[in-house]
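Student: what's the 3D shape of this:
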Amino acid sequence: MARILSGKEVAEALSIRLAERVRTLDEKGVKPTLAILRVGERPDDLAYERGAVKRCEKLGVAVKKLTLSADCTQTELMEAVQSVNGAADIHGLLMLRPLPKTLNEQAACDALLPEKDVDCITGGSLARVFTGKGAGYPPCTAQACMELLDHYGCDLDGKRVTVVGRSLVIGKPVAMLLLARNATVTTCHTHTKDLAEECRRAEILIVAAGKAGAVDGACVAPGQTVIDVGIHVDADGSMHGDADFVSVEPIVAAITPVPGGVGTVTSTVLAGHVIEAAAKAAGVKWDD
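Tutor: Numbering: from 1, shown residues only. Got it, this is the predicted structure:
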């Protein structure tokens, strides 16, 4: 039976440190504030928004909601982003995506100031992920994977890590974060030949394929640690990951659950980015 890598435990440990930082900022008259920009009423957007708001408020991070109708114009969207850029009391923006296809999502992302980009939607933030230099922050989900591995004592130095998925949201950024920690990284995708064999070679397997059940028991080996990034909701409301938990869990050494794994940590990482952005804007530096 695999060790279950609970995201709740990681989030609670992170929250203790973040709460102390919020108290430090409060003493200096700084209130970390996140703006959430949502277009329309997509159920998954609403669910993510609720989770982000709940976590932020628990940590003392204020939230301002910017809501546009699903048929809003590009001008309205750009004005909303620019309003965040111009607000000294807003330290970060979470723009819920994907946006309706009638809108130019990339233009809206590019318009955001990198220092307020707390979820890596700008080119400046991506540049920092790939080069280690510049403003902005890694994607929250990619960093959440790293926080989980660190919390549970997974030494990455020299380890063979396979990442299934190559998106700019998770796959490529998490591969860069792993490389920065001296892991030996293999990135797999839809054109990878013999995906199962590539996965079985890994000591750590990060599944971010965006497809339910993309990795099953034939793709894993004893002793592995599996980080499942996927979240898929069935018609009955049940949730599943990119890994087939039923067939994978009995084989591997450790695995994150869905729900209760990576997603639980992601909102805490988001709040942490806002807190860090507020500190930078105020010129506050931490001792650690």
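Student: I'd say Thr256 and Leu148 touch.
Tutor: Yes - Thr256 lies in contact with Leu148 (C-beta atoms under 8 Å); the separation is 6.4 Å. Quick note: C-beta positions are derived from backbone N, CA and C, even for glycine.
Student: which of those two has more residues huddled nearby?
Tutor: Thr256 (32 against 25; other C-beta atoms under 10 Å).
Student: ok, now which ones touch the residue nearest to that one when sequence neighbours are not counted?
Tutor: Nearest residue to Thr256, sequence neighbours excluded (C-beta to C-beta, 6 or more residues apart in numbering): Leu5, at 4.7 Å. Neighbour list for Leu5: 148, 152, 225, 227, 254-257, 261 [criterion: C-beta atoms under 8 Å, 6 or more residues apart in numbering].
Student: tell me the pLDDT of Leu5.
Tutor: Per-residue pLDDT puts Leu5 at 98.
Student: ok, back up a step: ranking the contacts of Leu5 by neighbours, who comes first?
Tutor: Ranking the contacts of Leu5 using other C-beta under 10 Å puts Thr256 first, with 32 neighbours.
Student: now do the contacts for that residue.
Tutor: 4-5, 7, 148, 226-228, 241, 262.
Student: one more pass at 6 Å, please.
Tutor: With contact set as C-beta atoms under 6 Å, 6 or more residues apart in numbering, Thr256 has these partners: 5, 227-228, 262.
Student: turn those residues into a markdown table, including distance to Arg166 and secondary structure.
Tutor: Shown next, in a markdown table, are the contacts of Thr256 (distance: C-beta to C-beta, whole Å; DSSP: H, G, I helix; E, B strand; the rest coil):
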| residue | distance to Arg166 | secondary structure |
| --- | --- | --- |
| Leu5 | 23 | coil |
| Ile227 | 16 | strand |
| Asp228 | 17 | strand |
| Val262 | 17 | helix |
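Student: number of nearby residues for Arg3?
Tutor: 12.
Student: can you tell me how far the spatially closest residue to it that is not a sequence neighbour is from Ser6?
Tutor: Leaving out its chain neighbours, the residue that sits closest to Arg3 by C-beta to C-beta, 6+ apart is Ala254, at 4.2 Å. Look at Ala254 and Ser6: by C-beta to C-beta, to the nearest Å, they are 11 Å apart.
Student: can you check Phe245 too?
Tutor: 14 Å.
Student: check contacts around the residue nearest the centre of the chain.
Tutor: Central residue of the chain (C-alpha atoms, centre = their mean): Thr141, 1.6 Å from the mean position. Residues in contact with Thr141, defined by C-beta under 6 Å, 6+ apart, are 170, 266.
Student: what do you get if the cut-off is 7 Å, keeping everything else the same?
Tutor: 169-170, 229, 262, 266 (C-beta atoms under 7 Å, 6 or more residues apart in numbering).
Student: same list, the residues you listed, but as CSV with distance to Ala214, pLDDT and secondary structure please.
Tutor: What follows is the contacts of Thr141, written out as CSV (distance: C-beta to C-beta, whole Å; pLDDT from 0 to 100; DSSP: H, G, I helix; E, B strand; the rest coil):
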residue, distance to Ala214, pLDDT, secondary structure
Val169, 16, 89, coil
Ile170, 13, 94, coil
Val229, 11, 96, coil
Val262, 15, 96, helix
Thr266, 19, 94, helix
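Student: could you identify the most distant pair in those?
Tutor: The most widely separated members of these, counting by C-beta to C-beta, are Val169 and Val262 (12.6 Å).
Student: neighbour count for those two, which is higher?
Tutor: Val262 (31 against 19).
Student: how near is the more buried one to Ile206?
Tutor: Applying C-beta to C-beta to Val262 and Ile206 gives a distance of 9 Å.
Student: shared neighbours of these two, anything?
Tutor: Counting by C-beta under 7 Å, 6+ apart, the residues touching both Val262 and Ile206 are 145, 227, 229.
Student: give the contact list for the residue nearest to the last one when sequence neighbours are not counted.
Tutor: Which is Val229. The shortest distance from Val229 to any non-neighbouring residue, by C-beta to C-beta, 6+ apart, is to Ala208 (4.0 Å). Going by C-beta under 7 Å, 6+ apart, Ala208 touches 163-165, 170-171, 174, 229-230, 242.
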